[in-house]
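Engineer: heads up, no residue letters with this:
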């Protein structure tokens, strides 16, 4: 106790660095697997989209029929083969990895502890304050960086339990094998082409999240945050990067 009291009394510039567990092994492992599979999905998805850069609504759609949206992208019919194979493989890696993450997070109370916001945190004024800080690229204080703020918690919950599941289900709705066995999946979205269009817009939301996530990590200290996601530990106090 005396040693702790002496450490607390040290000036900030002389205070030694303290290390604490920031991310569990399962969170770190699934995070990096998901990052790699998402990049593979994005790359292969772009290749597939370039083979037919038009969006439709309903059951069918082709070059000869009117499109809901014509994307200003170059047409490339020679890239969809490898793209579909990589997309299929990456999708199942993402599904299995996500299932492990959700199951372990549920069993360890990770979501309740680290993601579900407290009742007082969801007050309108507090949310506006955090949005203002994010909008003005205000670097979080050291004590604030040890846990997710209310905006991060709501966003992560939306990504994990809304956007990723919707991307997976709409992807399954475009599979002839899956829809032949479970036609309700495609019927729920109004047809194969409707599922494809929804899949496209959900992917864009995930890409926007990915870009903002990287930007905020860079603002808070890219190497510090990346190191914490690799080693699991975050250093507080005096720290050399």
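Structural biologist: Cool, the structure landed. This is a predicted model, so every value here is computed, not measured.

Engineer: What sits closest to the residue positioned nearest the centre of the chain if chain neighbours are left out?
Structural biologist: Nearest to the mean C-alpha position of the chain, counting by C-alpha atoms, centre = their mean, stands residue 159 at 5.5 Å. Once flanking residues are discounted, residue 159 sits nearest to residue 209: 5.7 Å by C-beta to C-beta, 6 or more residues apart in numbering. (Each C-beta comes from the backbone N, C-alpha and C, glycine too.)

Engineer: So the one you found is in contact with residue 162, correct?
Structural biologist: No: using C-beta atoms under 8 Å as the test, residue 209 is too far from residue 162 to be in contact (11.2 Å).

Engineer: of those two, who's got more company?
Structural biologist: Legend: neighbour count by other C-beta atoms under 10 Å for residue 209 and residue 162, higher for residue 209 (15 against 12).

Engineer: Looking at that one now. What's its pLDDT?
Structural biologist: At residue 209, the model reports a pLDDT of 94.

Engineer: That one and residue 58: what is the separation?
Structural biologist: According to C-beta to C-beta, to the nearest Å, residue 209 and residue 58 sit 28 Å apart.

Engineer: Then residue 41?
Structural biologist: In terms of C-beta to C-beta, residue 41 sits 25 Å off from residue 58.

Engineer: need the strands for the protein, in chain order.
Structural biologist: Using DSSP state E, the strands of the chain run over 18-21, 54-55, 69-70, 233-236.

Engineer: which stretch in the ones you listed has the least confidence?
Structural biologist: When the strands of the chain are ranked by mean pLDDT, strand 18-21 comes last with a mean of 59.

Engineer: who are the neighbours in contact with the closest residue to residue 43 other than its chain neighbours?
Structural biologist: Distance criterion C-beta to C-beta, 6+ apart; nearest residue to residue 43, sequence neighbours excluded, is residue 86 at 7.3 Å. By C-beta atoms under 8 Å, 6 or more residues apart in numbering, the contact list for residue 86 reads 40, 43, 44.

Engineer: ok, now with 10 Å
Structural biologist: Residues near residue 86 by C-beta atoms under 10 Å, 6 or more residues apart in numbering: 40, 41, 43, 44, 45, 47, 48.

Engineer: next one: residue 49
Structural biologist: If you count contacts by C-beta under 10 Å, 6+ apart, residue 49 has them with 55, 71, 73, 76, 79, 80, 83, 196, 200, 203.

Engineer: possible to save those residues as CSV with distance to residue 98 and neighbour count?
Structural biologist: Output for those, formatted as CSV (distance: C-beta to C-beta, whole Å; neighbours: other C-beta atoms under 10 Å):
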residue, distance to residue 98, neighbour count
55, 26, 20
71, 28, 13
73, 28, 12
76, 30, 15
79, 27, 15
80, 25, 17
83, 21, 19
196, 21, 22
200, 20, 16
203, 15, 21
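
Engineer: Can you tell me which of the residues you listed comes closest to residue 96?
Structural biologist: Proximity of those to residue 96 was ranked by C-beta to C-beta; the top entry is residue 203 with 19.4 Å.

Engineer: you'd agree that closest one is up against residue 45?
Structural biologist: Yes: with contact defined as C-beta atoms under 10 Å, residue 203 reaches residue 45; the gap is 6.4 Å.

Engineer: Only whichever of the contacts of residue 86 are buried, select them in PyMOL.
Structural biologist: Per 16 or more other C-beta atoms under 10 Å, the buried members of these correspond to this PyMOL selection:
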select buried, resi 40+41+44+45+47+48
